[in-house]
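1. How does the following fold in three dimensions:
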Amino acid sequence: MSYCSVEDLRNEGLDDTDEKLSELVGLSCDFIDRITGQFFEQRELLLTFDGRGGQNFPLPYPLIEASEILCNDEVITDFVIYHNANYPKLYREAKWPKGIQNIKISGTWGYEVTPAPIKRIAVKLAMYYFPSLSDAAAQDELAVKGLITSETTDGHSYSLANVDASSVITGDREIDDVLKFYIRSHFRMAVC
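-> Okay, here's the model as predicted:
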């Protein structure tokens with residue numbers, strides 16, 4: 001599943017082969033996943049975690065539906081899923097048992113519907129930030145976009161507004177703002 005389609009790119013005026021446009025869609029979706037540390041579609045996964053001993057159990061991704069939760073190889077049914085996309089978690093009156101890789105959660109993870117801002121920036125990334133994959137000059141331009149703050153040539157110089165380089169991801173403010181909003185904090189887990 002993708003966050004945008006070849007048809008979305010064609011509707012924006014991008015004209016190329018289906019193969020090339022599909023490649024651009026894939027690259028933009030992979031970029032979004034890599035930068036945010038999460039995914040915006042439904043995926044069936046089994047994830048393994050270390051038990052922390054509290055009532056709240058933070059999750060790395062939103063959990064749409066749990067097929068099965070095992071704690072120390074015993075099925076757990078007394079839990080509540082909190083679907084807050086910014087802080088997904090499970091809650092349980094009894095504390096989650098402490099342990100190393102002792103909690104296994106299988107189910108449907110991610111988003112039931114891809115958020116509209118993610119769909120929009122997927123199209124923008126495909127259109128503007130993955131031009132010709134064989135065009136080295138275009139790739140070089142993208143690598144420094146938004147990072148140059150002053151320049152001097154032939155005795156003339158100018159400065160641009162200071163930009164915190166650590167806050168620039170692509171150089172496009174709309175894209176960067178959406179990516180930053182959805183970036184997940186690092187989360188340690190094992191995937192089975």
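
2. all contacts plus neighbour counts: C-alpha atoms, from now on.
-> Fine.

3. What helix or strand is E93 located in?
-> Using DSSP states H and E, E93 sits in no helix or strand.

4. That one against F57, yeah?
-> No - the criterion here is CA atoms under 8 Å, and E93 misses it with F57 at 11.3 Å.

5. per-residue pLDDT, T152?
-> Per-residue confidence (pLDDT) for T152: 56.

6. cool, and S134?
-> 44.

7. And E112, by the same measure?
-> We have a pLDDT of 92 for E112.

8. Distance of it relative to K104?
-> Look at E112 and K104: by CA to CA, to the nearest Å, they are 22 Å apart.

9. The two: which is more packed in?
-> K104 (22 against 14; other CA atoms under 10 Å).

10. That one: what's its closest spatial neighbour, skipping adjacent residues?
-> Once flanking residues are discounted, K104 sits nearest to T48: 4.4 Å by CA to CA, 6 or more residues apart in numbering.

11. and whichever strand or helix holds F181, which residues are buried?
-> Taking DSSP H and E as the criterion, F181 maps to helix 173-182. By neighbour count on 16 or more other CA atoms under 10 Å, the buried set for helix 173-182 is I175, V178, L179, Y182.

12. Could you dump the residues you listed into a markdown table with pLDDT added?
-> Converted to a markdown table, the buried residues of helix 173-182 look like this (pLDDT from 0 to 100):
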| residue | pLDDT |
| --- | --- |
| I175 | 93 |
| V178 | 94 |
| L179 | 93 |
| Y182 | 90 |
